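Asker: Coordinates for the following, if possible.
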Amino acid sequence: MQDIQQETIGHRIRLRRRELGYSQREIAGLLGFSKNHLSSIENGRTGLSLDKFVELCSILRVFPDYLLLGALHSDHIPQNIIDKLQLCSEEDVKLLEQIVELMVTRNQSAWTRDPDNP
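Answerer: Residues are numbered from 1 along each chain as shown. Reported below is the predicted structural model:
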């Protein structure tokens, strides 16, 4: 199970790195790793120490829960919205999913923008 988790985390690292336009060499250099070591992490063959994990989250501008659980903003959904969604029909949920996808696309540039270089 731990191997599956490392593989999933590695996949999310790769996706986010590519989303931000970084090469493996760039991220590896920022972490003090070789490109091959970062490749091993992204492929789930190697894990990260806690301090390097936190550093990587900062570099990729994500909360740790994104890499661990796949949720960029999991703490920002009020419970009352979650409760109300359970009362919606399947068709309503599909429509809401499309609306959320449109909002994600619209806001994606804000998530990937470097806060230190607006």
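
Asker: Determine how far stretch 41-49 lies from the middle of the whole chain.
Answerer: 15 Å (CA atoms, centre = their mean, to the nearest Å).

Asker: Now do the buried residues in that stretch.
Answerer: Of all the residues in stretch 41-49, those buried under the rule 16 or more other CB atoms under 10 Å are 41, 42, 44, 47, 48. C-beta: built from backbone N, CA, C; applies to glycine.

Asker: Same list (those) but as CSV, adding distance to residue 101 and secondary structure.
Answerer: Converted to CSV, those look like this (distance: CB to CB, whole Å; DSSP: H, G, I helix; E, B strand; the rest coil):
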residue, distance to residue 101, secondary structure
41, 29, helix
42, 26, helix
44, 28, coil
47, 32, coil
48, 30, coil
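
Asker: Kindly indicate which of the residues you listed lies nearest residue 89.
Answerer: residue 44 (38.3 Å; CB to CB).

Asker: Which pLDDT value goes with the closest residue in space to the closest one that isn't next to it in sequence?
Answerer: Among residues not flanking residue 44 along the chain, residue 7 sits closest, at 3.0 Å (CB to CB, 6 or more residues apart in numbering). At residue 7, the model reports a pLDDT of 90.
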